[in-house]
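Novice: Here is the input, now give the coordinates:
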Amino acid sequence: MTSKAPTLRFERSFVEAGHRLVAGADEVGRGALAGPVSVGMVAIDATSAKQIRGVRDSKLLTPADRVALVPKIQKWALAYGVGHASAAEIDTLGLMAAMRLAGARAWGQVLATARPDIVILDGNHDWLSAGEPSLFDDAAQPGCDAPVLTRIKADLQCLSVAAASVLAKVERDAMMTGYAADHPEYAWEINKGYATAAHRAALLGVGPSDLHRRSWRLTPEQPLMPAVDIAN
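Specialist: Sure thing, here's the model as predicted:
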């Protein structure tokens, strides 16, 4: 591994402003053609958390390394959660709202143990914060109401965000592998729902399943979504 390991430097920068409990959040599955979009969230006490070895952005780790890190991250974190929004919810709500819903579900799991003072979100757009209530909101899981700070490449730089990406990736991959047993024609155990050539060919041959994002451009008869690195 040649990449520089993420640290807690950014998380600790909030302590002076009184933000002791800091959470990192990241999504996986945004670009897939099938399956859920998933959001991981990991909360730490920035005044006492230590570095955890081996954690990187999930895209930089092997599947075996990611799985091995899960119990270590769960033991290290003050609180953690992984939320999912299904393909049907993506079709109904749109991708950004579905990501927010998945984030709300992860937030609810974290709140069962601790309430973060601030959340660091990977990227440059805050899709996580609770907005105005709508008919599509999950009443059982209110959206994240803590301040959210976006940071580009936070999954590479911030340990809590990298840890969140690992938890989300492992849980979503396991879901797609389970779905593959009932839908072997799409090879989801390999591509995890992303737009590989084999996945496209299966869609042409047998059409979409009920786990595909049917509002998306899935076949050449429609404008194609760009293929996405299946490690995302």
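Novice: Just the buried positions in the longest helix seen in the chain, please.
Specialist: Under DSSP state H, the helix in the chain containing the largest number of residues is helix 159-180. For helix 159-180, a neighbour-count test (16 or more other CB atoms under 10 Å) marks 159-173, 175-176, 179-180 as buried. For glycine as for every other residue, the C-beta is placed from the backbone atoms N, C-alpha and C.
Novice: cool, stretch 193-205 as well?
Specialist: 193-196, 199-200, 202-203.
Novice: W216 in helix, strand or coil?
Specialist: Of the three states, W216 takes coil according to DSSP: H, G, I helix; E, B strand; the rest coil.
Novice: Nearest the middle, which residue of the protein would you pick?
Specialist: For the chain, the residue nearest the mean C-alpha position is E27 (2.4 Å; CA atoms, centre = their mean).
Novice: Can you show me the helices along this structure?
Specialist: With DSSP H as the criterion, the chain has helices spanning 9-12, 63-76, 87-93, 95-111, 154-157, 159-180, 188-191, 197-206.
Novice: Could you dump those helices into TSV with distance to S129 added?
Specialist: Formatted as TSV, these follow (distance: least, CB to CB, whole Å):
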stretch	distance to S129
helix 9-12	19
helix 63-76	24
helix 87-93	16
helix 95-111	8
helix 154-157	16
helix 159-180	16
helix 188-191	32
helix 197-206	33
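Novice: For those helices, give me JSON lines that also has mean pLDDT and distance to S38.
Specialist: Below are the helices of the chain laid out as JSON lines (pLDDT from 0 to 100; distance: least, CB to CB, whole Å):
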{"stretch": "helix 9-12", "mean pLDDT": "97", "distance to S38": "22"}
{"stretch": "helix 63-76", "mean pLDDT": "97", "distance to S38": "13"}
{"stretch": "helix 87-93", "mean pLDDT": "96", "distance to S38": "11"}
{"stretch": "helix 95-111", "mean pLDDT": "96", "distance to S38": "6"}
{"stretch": "helix 154-157", "mean pLDDT": "95", "distance to S38": "14"}
{"stretch": "helix 159-180", "mean pLDDT": "98", "distance to S38": "4"}
{"stretch": "helix 188-191", "mean pLDDT": "97", "distance to S38": "14"}
{"stretch": "helix 197-206", "mean pLDDT": "93", "distance to S38": "18"}
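Novice: And those helices: which comes nearest D122?
Specialist: Counting by CB to CB, D122 lies closest to helix 154-157 out of these; the figure is 4.3 Å.
Novice: Not counting its own residues, what contacts the closest one?
Specialist: Helix 154-157 is contacted from outside by 3-4, 6-7, 10, 24, 26, 56-59, 120-123, 151, 161-162, 165, using CB atoms under 8 Å, 6 or more residues apart in numbering.
Novice: Can you give me every residue that contacts W107?
Specialist: W107 neighbours (CB under 8 Å, 6+ apart): 41, 81, 83, 128, 141-144.
Novice: try 7 Å
Specialist: 41, 81, 143-144 (CB atoms under 7 Å, 6 or more residues apart in numbering).
Novice: Please produce a ChimeraX select command covering the buried subset of the contacts of helix 154-157.
Specialist: Buried subset of these, written as a ChimeraX selection, criterion 16+ other CB under 10 Å:
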select :6,10,24,26,56,57,58,120,121,122,123,151,161,162,165
